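> Sequence and predicted model, in that order:
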Amino acid sequence: MRLFICFILFFITVSSFAQKPAKDIDDSKLITKSSGNINDTTKVFKGKSLGDNKAPIDLYKIYTLERDTTFLDTTLSIQKEYKYNLLRKDIFGLIAFANEGHTYNTLDYNWYKSSTFPKMGFTAKHFNYLEFNDINYYNVPTPLTDLYFKTVMEQGQSLDAFLTVNTKPNLNFSIAYKGLRSNGKYINNITSSGNFRFTTSYFTKDKRYHINAHFTGQDISNQENGGIVDASLFESSEDPYKERNRLEVYFTDATSLLKGNRFFVDHNYKLSKSNPNSLMIYHQFNHEYKFFEFNQPTVSERFGDAFRNKINNKTRYNHLYNKIGVGFTTKKFGDIIAYVENNNYNYFYRNVLYSTSGVLVPNSINDQISSFGANYNYNLNGINMFLNVSNSITNQSVSNIEAIAKYALNDNIKFEFKYQKLNSLPNLNYNLYQSDYVFYNWKNNFKNEKLNAFFFKVDTKWLNVEANCKVLNDHLYFYNTTNDIENLLVAPAQYSNTINYFSVKANKEIKLWKFALDNTILYQNVEQSDNILNVPQIVTRNTLYFSDHVFKKAMFLQTGVIFNYFTEYYANDYNPLLGEFYVQNQTKIGGFPMFDFFVNAKVRQARIFLKAEHFNSAWTGYNFYSAPNYPYRDFIVRFGLVWNFFR
């Protein structure tokens, strides 16, 4: 009945839109900064006054801090289906937990990101937390609105509303809010989050001065149930346990909260007004305060003994970053920038205490790290080369070397190569953590993590392939000291041996008439003396779909089936107290198929999505997990839309 109602609502919505025919764009014509032809549903802009005509789509520009520019894309493609999720990006290589917005387990180790400076930690809670380089900036000829809506598992919704406007050709503002609330199917599993963003961009009429700035206020709240107690009841799924709220969970009153505010400015000034070979002055400022909190009114024996009869852990983090650079831009010899960056941080608690072994656990780690660096960008005979080198000039030993080369042989064959050598400080929660649970208090002095990484990619009209090779030394991780899922005494550790990681990912879409088969497959291999870095050997996603115009070309329709699969492996488990995943080698997950059926439609600038997620769950056995004792999602029907408005 629910599926029937969803289809009725879907087609009622479609019929209300399908009043005027609209021309659609094939995904192969996705607009980028290097493209030339513009073809979209908007009309051609004529003259200074819009009148009944709309500005061409290539005037709606979206760009990053690195000045990578794309244009607004209102097409409907299989890539839009992949990106229709809470994170608004393709999440191949991640597997979501049962409730929307809880967390994701990592299948593809290339999702791992590195920085020379230490971060706060609590990484499992940061998937939906927007970092400074996740924020985009805009330049639009008319006000632009983007609305995202999607239903959730139970009693709630996911909404992302965005508005941007240029008050002048050289001054842009944007404001956005992404909100989520979902009760979930299991006991004590409510998720609630909000991501507020405000951006502004400005440049002078002579284009000598540019500034991009933003403010974000974000909070991510999760009820934490610790997973189900008896996995056999879930795997049998006999009545009454088909109702997931009948399954016993470890915690019924625990919650976690990640909250943070950030103010960011990036600006530069060109000294010469007319000379193309000119000095540039750069400055970047970032100030952020955030905290992670875990509350549990009832003490759980699973985490061991406690100092008090109620748990209230709160970790605070204050970060101030400045980067000043001087660059020289030439048409003949490329661009070179020399810079100094200063990173101040204070990671702290309210108390000083002694651990059970008598070790003093201080209340804070605070430091100042200064580095000197330079980067060089040059285009030689169609080969775009970038080199960045930085090294600390204070007592800490951190360094980074990055080299990137890109070359397009022609429109059909493109190459890319990257190399990185990184010497980075550990995340702060490895070295210091305080808790009302006795075991979860430590002060460490771990060595820097070392990384050597090679990346190669080739894009052709026949096949897209990318290969990664990483060599890790002094790798940091969390592990369960008891090797027992019933007793969760997790601590940080550093691996003294070398880990060699290798992966190859291939993608190819095959089209025949109105049908297409999109294939992505990932192979991973790890060489190590102990099982520290665990990954599935094979991860695959295969989509068979049909595309065509219907209703006298008033609507563009795509429908098909998505197949996701990864081989069995010892997946990292989740610790809600730490907001981290930890290594375990007792329970394997994976080896189960996940089929999704979707019907998507585009009418003018609106894209409508309807999906039956994991519809095979009852047929292929209830052995599907996102992490040990954390089941993956049952069959559910969800729908929503993404709608762009132009004035």
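That came through, no problem.
> and residue 233, helix, strand or coil?
helix (DSSP: H, G, I helix; E, B strand; the rest coil).
> can you map out the helices along the chain?
2-17, 78-82, 231-236, 428-431 (DSSP state H).
> Just give me the neighbour total for residue 310.
By other C-beta atoms under 10 Å, 11 other residues sit near residue 310. The C-beta positions use only the backbone N, C-alpha and C, and glycine is treated the same way.
> Need the residue closest to the centroid of this protein.
residue 127 (5.3 Å; C-alpha atoms, centre = their mean).
> ok, back up a step: least reliable of the helices of the chain by average pLDDT, please.
If you rank the helices of the chain by mean pLDDT, helix 2-17 sits at the bottom with a mean of 39.
> starting at the chain centroid, how far to stretch 502-517?
23 Å (C-alpha atoms, centre = their mean, to the nearest Å).
> when you give positions from now on, start the count at 58
Sure thing, new numbering starts at 58, so read that last one as stretch 559-574.
> So, low pLDDT: which residues of the stretch 408-557 of the chain?
413 (pLDDT under 70).
> which ones are touching the residue nearest to the centre of the chain?
Applying C-beta atoms under 8 Å, 6 or more residues apart in numbering, we find residue 184 in contact with 144, 151, 160-161.
> phi, psi of it?
Main-chain dihedrals, residue 184, degrees, to the nearest 10: phi -60, psi -40.
> That one and residue 139, how far apart?
16 Å (C-beta to C-beta, to the nearest Å).
> Low-confidence ranges, the chain, go.
For the chain, the ranges with pLDDT under 70 are 58-111, 169-170, 413.
> let's see 50
For the chain, applying pLDDT under 50 flags the ranges 58-109.
> so residue 465 makes contact with residue 438?
No - the criterion here is C-beta atoms under 8 Å, and residue 465 misses it with residue 438 at 11.3 Å.
> about what we covered before: what's the most distant pair in the contacts of residue 184?
For the contacts of residue 184, the maximum inter-member distance is 11.5 Å, found between 144 and 160 (C-beta to C-beta).
> Comparing those two, which residue is more hemmed in?
Neighbours of residue 144 and residue 160, each counted by other C-beta under 10 Å, are more numerous for residue 160; the result is 27 against 16.
> where's that one relative to residue 214, distance?
Note on residue 160: its distance to residue 214, by C-beta to C-beta, is 20 Å.
> swap in residue 569?
Residue 569 is 38 Å from residue 214, by C-beta to C-beta.
> So between these two, which is more surrounded?
residue 214 (14 against 7).
> residue contacts, the more buried one?
206-208, 237-239.
> Can you name the residues bridging to it?
residue 208, residue 238 (DSSP bridges).
> How about residue 350?
Assigned bridge partners for residue 350, using DSSP bridges, are residue 314, residue 371.
> hang on, it packs against residue 374?
No - under the criterion of C-beta under 8 Å, residue 350 makes no contact with residue 374, lying 11.8 Å away.
> between those two, which one's more packed in?
Per other C-beta under 10 Å, whichever of residue 350 and residue 374 has more neighbours is residue 374, with 21 against 16.
> doesn't residue 401 make contact with that one?
No - with contacts counted by C-beta under 8 Å, residue 374 stays clear of residue 401, the gap being 11.6 Å.
> ok, of the contacts of residue 184, which one's closest to residue 269?
Using C-beta to C-beta, the contacts of residue 184 come closest to residue 269 at residue 144, 22.3 Å.
> show me the contacts for that closest one.
184-185.
> Could you give the bridge partners of the nearest residue to residue 673 once chain neighbours are set aside?
Leaving aside its chain neighbours, residue 673 sits nearest to residue 652 (4.5 Å; criterion: C-beta to C-beta, 6 or more residues apart in numbering). Residues in a beta bridge with residue 652, per DSSP bridges, are residue 620.
> need the contact list for residue 652.
Residue 652 sits next to 618-621, 671-673 when contact means C-beta under 8 Å, 6+ apart.
> Now render the residues you listed as CSV, adding distance to residue 243 and neighbour count.
Listed next are those as CSV, based on distance: C-beta to C-beta, whole Å; neighbours: other C-beta atoms under 10 Å:
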residue, distance to residue 243, neighbour count
618, 27, 15
619, 24, 20
620, 26, 15
621, 22, 19
671, 15, 21
672, 20, 18
673, 21, 18
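> Pick out whichever of the residues you listed sits closest to residue 321.
Nearest member of these to residue 321, counting by C-beta to C-beta, is residue 621, at 35.5 Å.
> what about the nearest residue to the closest one once chain neighbours are set aside, neighbour count?
The spatially closest residue to residue 621, leaving aside those adjacent along the chain, is residue 651, at 4.2 Å (C-beta to C-beta, 6+ apart). Using other C-beta under 10 Å, residue 651 has 20 neighbouring residues.
> Equivalent analysis for residue 668, please.
22.
> Tell me who's in contact with it.
Applying C-beta under 8 Å, 6+ apart, the residues near residue 668 are 653-656, 694-696.
> Can you tell me which of these is closest to residue 490?
residue 695 (37.1 Å).
> Quickly note the distance from residue 249 to residue 157.
Where residue 157 is concerned, residue 249 sits at a distance of 11 Å (C-beta to C-beta).
> which neighbours do those two share?
In contact with both residue 249 and residue 157: residue 237, using C-beta under 8 Å, 6+ apart.
> who has more neighbours, these two?
residue 157 (25 against 18).
> Strands along the stretch 558-704 of the chain, start to end?
Along the stretch 558-704 of the chain, the segments classed as strands by DSSP state E, counting those that start in this stretch run 572-584, 595-607, 612-623, 630-632, 637-639, 651-660, 663-670, 682-684, 687-688, 693-703.
> what's the closest of these to residue 485?
strand 637-639 (12.3 Å).
> now the closest one, how far from the chain's geometric center?
17 Å.
> now what about it, what contacts it?
Residues outside strand 637-639 that contact it (C-beta under 8 Å, 6+ apart) are 162-163, 178-181, 486, 534-537, 547, 629-632, 684.
> Number of residues surrounding the nearest residue to residue 529 once chain neighbours are set aside?
Spatial nearest neighbour of residue 529, chain neighbours left out: residue 556 (4.3 Å); criterion: C-beta to C-beta, 6+ apart. Neighbours of residue 556 under the rule other C-beta under 10 Å: 18.
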